[in-house]
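Peer 1: this is a predicted model, with the sequence first.
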Amino acid sequence: MHDRRLRTRFCDLVGIRYPVVQTGMGWVSGSRLTAATARAGGLGIVAAAPMTFEQMVVAINEVRDMTDAPFGVNLRVDATDIDRRVAHLITEGVPVVSFAQAPGRSIVERLKEAGTVVIPTVGARRHAEKVAEWGVDAVIAQGAEGGGHTGTVPTTQLVPQVVDALAGTGVAVVAAGGFTDGRGLAAALAWGADAIAMGTRFLLTTDSDVPEAVKTIYLATSVTGTVVTRAIDGVPQRVIGTDLVRHLERSRLLAFPRSVANAIRFRRLTRTGLVELLVEGVRMKRSSELTWGQVAMAANAPMLTRASMVEGRTEVGILPTGQGVGSIDELPSCAELVSRIVAEAAETLNRLASVGIEIVQTPDS
């Protein structure tokens with residue numbers, strides 16, 4: 001379906017058919033999901049943050065073996081080997097690089113010089129203004145309804161604020177946080193956004209490698225079944241309110257020794273050197289107000305998420321999710337999902353036009 005109303009400047013920026021983005025979810029957005037989204041006409045993003053450098057290289061090659069459509073790679077700007085990763089993405093000509101944190105002016109300039117589209121995620125208007133000064137191409141404005149690490153401003157407030165802040169800069173705005181369908185896409189366009197980004201909705205597809213037992217828990221979660229907690233790594237994170245999360249909330253002191261032990265296990269899993277792990281912990285302590293217990297939990301958090309998303313061990317795992325999980329009750333393929341979202345968005349726009357309301361995408365809207 002090629003509806004001109006859904007051909008936004010973001011589509012032109014990254015070379016995709018539809019203004020739909022699959023976010024880089026750690027342990028979830030691997031090569032298969034990314035390629036499936038790209039083939040469906042959206043922008044798939046490989047979650048390289050929890051991967052080793054070698055695993056990232058393999059994932060990129062796998063995506064290219066499955067599709068020639070544009071895709072992106074998500075990085076952690078505070079990764080100890082960030083310069084090596086950026087250099088590889090530039091060498092390989094990866095078209096889009098996204099960041100969950102502000103990447104810094106030097107990294108932005110380095111990627112931009114190579115012709116790479118740079119897209120950080122922001123949770124406040126001032127953050128959008130700062131990264132725009134650095135020359136980013138687009139931002140993902142994620143509201144509080146989003147899954148995983150999230151801010152406090154609701155999507156309905158954040159997106160219009162960011163759109164207003166970036167008006168005239170040429171920076172595209174991708175709305176995120178609670179989106180699951182085509183009505184949400186139409187709403188985002190009405191707010192002035194250029195696309196929507198979804199995590200949980202793509203996690204719950206047949207193209208996602210998340211174990212079926214885990215998907216079943218997600219499908220059974222109501223719109224009130226999520227919580228925002230600091231007990232996992234000291235930073236607000238939206239997850240499913242499981243028994244494990246409630247236990248962590250109650251017993252943070254007891255969690256510290258377990259976190260240290262599991263952090264060491266995670267070090268072996270990712271082949272991270274002990275010295276490197278300690279340096280990372282000291283860096284985190286200095287750059288934040290986290291306690292040492294929270295630093296240990298932060299080091300342990302990737303393993304907790306991996307336990308569920310990769311191993312299917314829901315009793316010891318963390319289940320990051322957006323609040324939109326309560327609106328999802330089935331598992332389509334990425335192709336079916338994107339096609340349905342586009343059709344629903346067009347239908348919504350038609351309905352609005354029938355009552356005299358028209359949403360027009362201008363060059364800088």
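Peer 2: Here it is on my side, so go on.
Peer 1: show me where the chain has strands.
Peer 2: Counting by DSSP state E, the chain has strands at residues 20-22, 43-47, 71-75, 96-99, 117-122, 138-142, 148-149, 172-176, 195-198, 226-229, 237-240.
Peer 1: kindly reformat those as TSV containing distance to residue 165.
Peer 2: All C-beta spots, glycine's among them, are computed from the backbone N, C-alpha and C. As requested, those are exported to TSV (distance: least, Cβ to Cβ, whole Å):
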stretch	distance to residue 165
strand 20-22	20
strand 43-47	23
strand 71-75	23
strand 96-99	18
strand 117-122	10
strand 138-142	10
strand 148-149	21
strand 172-176	9
strand 195-198	17
strand 226-229	24
strand 237-240	24
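Peer 1: point out the most buried one among those strands.
Peer 2: The highest average neighbour count among those, using mean count of other Cβ atoms under 10 Å, belongs to strand 20-22 at a mean of 31.
Peer 1: any idea how many residues pack against residue 14?
Peer 2: Per other Cβ atoms under 10 Å, the neighbour tally for residue 14 reads 22.
Peer 1: just checking, it touches residue 97?
Peer 2: No. When contacts are counted by Cβ atoms under 8 Å, residue 14 is not listed as touching residue 97 (11.1 Å).
Peer 1: mutual contacts of those two, please.
Peer 2: Common contact partners of residue 14 and residue 97 (Cβ atoms under 8 Å, 6 or more residues apart in numbering): 72, 117.
Peer 1: mean pLDDT added to the strands of the chain, as JSON lines?
Peer 2: JSON lines is the format used below for the strands of the chain (pLDDT from 0 to 100):
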{"stretch": "strand 20-22", "mean pLDDT": "98"}
{"stretch": "strand 43-47", "mean pLDDT": "98"}
{"stretch": "strand 71-75", "mean pLDDT": "98"}
{"stretch": "strand 96-99", "mean pLDDT": "98"}
{"stretch": "strand 117-122", "mean pLDDT": "98"}
{"stretch": "strand 138-142", "mean pLDDT": "98"}
{"stretch": "strand 148-149", "mean pLDDT": "91"}
{"stretch": "strand 172-176", "mean pLDDT": "98"}
{"stretch": "strand 195-198", "mean pLDDT": "98"}
{"stretch": "strand 226-229", "mean pLDDT": "95"}
{"stretch": "strand 237-240", "mean pLDDT": "95"}
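Peer 1: so which of these gets nearest residue 212?
Peer 2: strand 237-240 (15.9 Å; Cβ to Cβ).
Peer 1: any idea how far residue 104 is from residue 13?
Peer 2: Using Cβ to Cβ, to the nearest Å, we find residue 13 at a distance of 21 Å from residue 104.
Peer 1: which one's more surrounded, these two?
Peer 2: More neighbours surround residue 13 than the other of residue 13 and residue 104, with 21 against 16 (other Cβ under 10 Å).
Peer 1: distance of the more buried one from residue 54?
Peer 2: 30 Å.
Peer 1: ditto for residue 214
Peer 2: Using Cβ to Cβ, which is the criterion applied here, residue 214 is 26 Å from residue 54.
Peer 1: kindly report the same for residue 339.
Peer 2: 35 Å.
Peer 1: more crowded one of the two?
Peer 2: residue 339 (17 against 9).
Peer 1: need the pLDDT of the more buried one.
Peer 2: Looking at residue 339, its pLDDT reads 98.
Peer 1: hmm, residue 39 and it touching each other?
Peer 2: No. Taking Cβ under 8 Å as the definition, residue 339 is not a contact partner of residue 39, at 11.6 Å.
Peer 1: name the residues contacting each of these two.
Peer 2: In contact with both residue 339 and residue 39: no residue, using Cβ under 8 Å, 6+ apart.
Peer 1: report the residue ranges of every domain in this structure.
Peer 2: 4-210+328-354, 222-309 (automatic domain parsing).
Peer 1: among those domains, which is the most enclosed?
Peer 2: Of the domains of the chain, domain 4-210+328-354 is the most buried (mean count of other Cβ under 10 Å), at a mean of 21.
Peer 1: so which of the strands of the chain gets nearest residue 247?
Peer 2: Nearest of the strands of the chain (Cβ to Cβ): strand 226-229, 11.2 Å.
Peer 1: by contact count, what packs against the closest one?
Peer 2: When contacts are defined as 3 or more Cβ pairs under 8 Å, 6 or more residues apart in numbering; DSSP states H and E, strand 226-229 sits against strand 237-240, helix 243-250.
Peer 1: make JSON lines out of those and add distance to residue 223.
Peer 2: Shown next, in JSON lines, are the helices and strands packed on strand 226-229 (distance: least, Cβ to Cβ, whole Å):
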{"stretch": "strand 237-240", "distance to residue 223": "12"}
{"stretch": "helix 243-250", "distance to residue 223": "17"}
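Peer 1: which one of the ones you listed lies nearest to residue 325?
Peer 2: That would be strand 237-240 among those, by Cβ to Cβ, at 7.4 Å.
Peer 1: what's in contact with the closest one?
Peer 2: Contacts for strand 237-240 (Cβ under 8 Å, 6+ apart): 144-150, 217-218, 221, 225-230, 232, 245, 318-323, 325.
Peer 1: next step: the residues you listed restricted to helices.
Peer 2: Per DSSP state H, helices hold the following members of the contacts of strand 237-240: 217, 218, 245.
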